[in-house]
Each structure stands twice: as C-alpha cells, then as structure tokens.
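# what follows is a predicted protein model with its sequence.
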Amino acid sequence: MDCLAWIGSFLFILCYFPQIFKAYSTNSVGDVSLGMWIIQWVAYTSCLGYAVYYRLPPLIFGYSMGWLMTAWFLELYRQRR
C-alpha cells in the first residue's frame, strides 16, 4: 500500500511543473489565482504536520515537496506580478 502513496506523492509533485514552466517561459502569472496558491500552501503546512506526527514517510516526502513547490511558485508570483 505504501507504493500507492509514493506514486501519488510523485504525481502531485509533477503537476506543479507545467505551471512553473509556463510562468518562467511567459514571464507572466496574471491568469493565476493567488488565493488558491495561498490556501494550498496552508493546507500543505497542516498536512505536513500530520504526516510528521504520525511518521508517514511517503506523505512527509509528498507534502514537503508540495510545500516547497507552492512556496517556489508564490515567490515567482511575487516577482512577476
């Protein structure tokens, strides 16, 4: 069952790359909802706390990487708005 958690974690991480790539290549984030990204960052923070508390390695990895990718995009948003 851990295999499914690892696969899901990697897929969630991969879903960020198209948006980040688009923001870099077009140098624009105008059509992105800032509110969604902030809510997502807060959600990752709380889920990461849960995963650390219960010592769930696949979720710790997935939520950590999702948190970092979201923070990365929020920084891109700050730079390019």
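Structure received.
# CA only for contacts and neighbour counts going forward, please
Will do.
# give the residue spans of this structure that score low on pLDDT.
Scanning the chain for pLDDT under 70 picks out 1.
# which residues of it fall in helices?
Secondary structure of the chain (DSSP state H): helices located at 2-14, 17-26, 34-53, 57-80.
# quick check: buried residues in the longest one?
The one in question is helix 57-80. Buried residues in helix 57-80, counted by 16 or more other C-alpha atoms under 10 Å: 58-67, 69-71, 73-74, 76-77.
# which residues does it contact?
2, 5-6, 8-10, 12-13, 16, 20, 23, 27-29, 34, 37-38, 40-41, 44-45, 47-48, 51-52 (C-alpha atoms under 8 Å, 6 or more residues apart in numbering).
# cool, and the third one?
Contacts with helix 34-53, where a contact means C-alpha under 8 Å, 6+ apart, come from 57, 59, 60, 63, 64, 66, 67, 70, 71, 74, 77.
# residue 80 versus the fifth one, what's the distance?
With distances defined as C-alpha to C-alpha, to the nearest Å, the gap from residue 64 to residue 80 amounts to 24 Å.
# and for the closest residue in space to residue 23 that isn't next to it in sequence, the neighbour number?
With sequence-adjacent residues excluded and distances taken as C-alpha to C-alpha, 6 or more residues apart in numbering, residue 23 is closest to residue 29, at 5.7 Å. Residues near residue 29, counting by other C-alpha atoms under 10 Å, number 21.
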